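1. A structural model of the following input is requested.
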Amino acid sequence: MGPARLFPDVGMASSGVIAVQPDGSRQLIVAGIRVLDHPDGSMERAREVLPGGPARVVMVPSRLGGGLLVYVPAGGSTQLWRAKGWLDRLDPLGELWGTVGDIVPGFDRLYARLTSGDIKAIDALSGRQMSLGPLPRATRIGQLAFADAWRAVAVVDFRGALATFDAGMTWRPVPVGDQGVTQLSLRNGDFVLEAARQRVLLGARGELEREEMREPPPRGREANPASNEAGASGTTFDTLARRWAGDATAFGRRPLRAAIEDGWPDGAEHSGAPTAIVAHGGALYRVELRAGAVVASRRGEERPSTPSPPLSSSGPSLVLRDLAW
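-> Have a look, this model is predicted:
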């Protein structure tokens, strides 16, 4: 059987989760490998292996070509790649001197913030460096958020939060109080500006809505698990991951690992991928070896045959169990 392929042994508590899709599939980066971990226990992986360092992913909006951007800071510089999808081929985009803390998709270019506080603008298609373009003039630009090709909010020194609704032609202050903005984000296309004990929502037409921020719950009080970027909590995937196809929950481990450790290649194929048979808990399971999905199972009643003579006077006896497919 071949060729051999390397899959990381991803568990439920594995770190490196980038996002969770609506069907419960997890997107992870493990040891530089982009992995798609499905709820039925099967896995897919990308061919390329990223260099050592903390890999980070930014979803690129359609106005900048779509797909995703992957960047890895290492050795005083940061390498950047573009890809159409999570498992698609990585195309080199460029390299920036310095350690990039985060990258924000702008109106017509990408903005990379270095850990030193400097901001560099990058062309999203060619990777060449550009001017800062329509950003407001300031001694220092803090947080940035872009809702679409026309609306953005920037937090700058002295002037505080500034908003534009005409792609940066004009920037106007956002009244959030004297405490300043501590956190800037997007919610359903609206800007969320958090200040001291209040939250300000800035709508698409410039309307402002204030929300009082509640005090955090006391320690020891149960709270709902925090959701990730895709809107699904860890417990959601934990439930789905145990709902493998058919009776696959009896494994108690990933089907691909069970097939490697205890399976028998049976010479059959499923959708062009070879399969193996795994016996466990009174049932047989057919696992396809390309991604590790359980494609069939058959449960039967164990019928122990007549025990053979003991191997030795003190050793265990050998019992044969027959379970037909």
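
2. can you give me the helices for the stretch 151-300 of the chain?
-> 234-241, 255-262 (DSSP state H, counting those that start in this stretch).

3. avg pLDDT for the last one?
-> For helix 255-262, the mean pLDDT works out to 85.

4. keeping just the C-alphas, turn it into CSV.
-> Taking C-alpha atoms only, helix 255-262 is exported to CSV below (Å, rounded to 0.1, in the frame of the first residue of the first chain):
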residue,chain,number,x,y,z
PRO,A,255,-10.8,5.6,12.9
LEU,A,256,-7.6,6.2,11.0
ARG,A,257,-5.4,5.5,14.0
ALA,A,258,-7.5,2.4,14.8
ALA,A,259,-7.0,1.1,11.2
ILE,A,260,-3.3,1.7,11.3
GLU,A,261,-2.8,0.0,14.7
ASP,A,262,-5.3,-2.8,14.5
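
5. same for it, what does it pack against?
-> strand 273-280, strand 283-288 (3 or more Cβ pairs under 8 Å, 6 or more residues apart in numbering; DSSP states H and E). To be clear about C-beta, it is placed using only N, CA and C from the backbone, and glycine gets the same treatment.

6. give me that answer again for 6 Å
-> strand 273-280 (3 or more Cβ pairs under 6 Å, 6 or more residues apart in numbering; DSSP states H and E).

7. helices or strands up against the strand it packs on?
-> helix 255-262, strand 264-270, strand 283-288.

8. and the spatially closest residue to S271 that is not a sequence neighbour, what's its pLDDT?
-> Leaving aside its sequence neighbours, S271 sits nearest to E288 (Cβ to Cβ, 6 or more residues apart in numbering; 7.1 Å). Predicted confidence (pLDDT) for E288: 87.

9. ok, E288 touching A273?
-> Yes - under the criterion of Cβ atoms under 6 Å, E288 makes contact with A273 at 4.5 Å.

10. more crowded one of those two?
-> Set E288 next to A273 and count neighbours by other Cβ atoms under 10 Å: E288 wins out with 23 against 15.

11. hey, what's the more buried one bridged with?
-> Taking DSSP bridges as the rule, E288 bridges to T275.

12. which strand residues bridge R199?
-> E194, E211.

13. wait, it touches E211, no?
-> Yes - contact criterion Cβ under 6 Å: R199 and E211 qualify, at 4.2 Å.

14. which one of these two has more residues nearby?
-> R199 (18 against 11).

15. distance of the more buried one relative to E209?
-> Distance of R199 to E209, computed by Cβ to Cβ, to the nearest Å: 9 Å.

16. nothing else from me, thank you.
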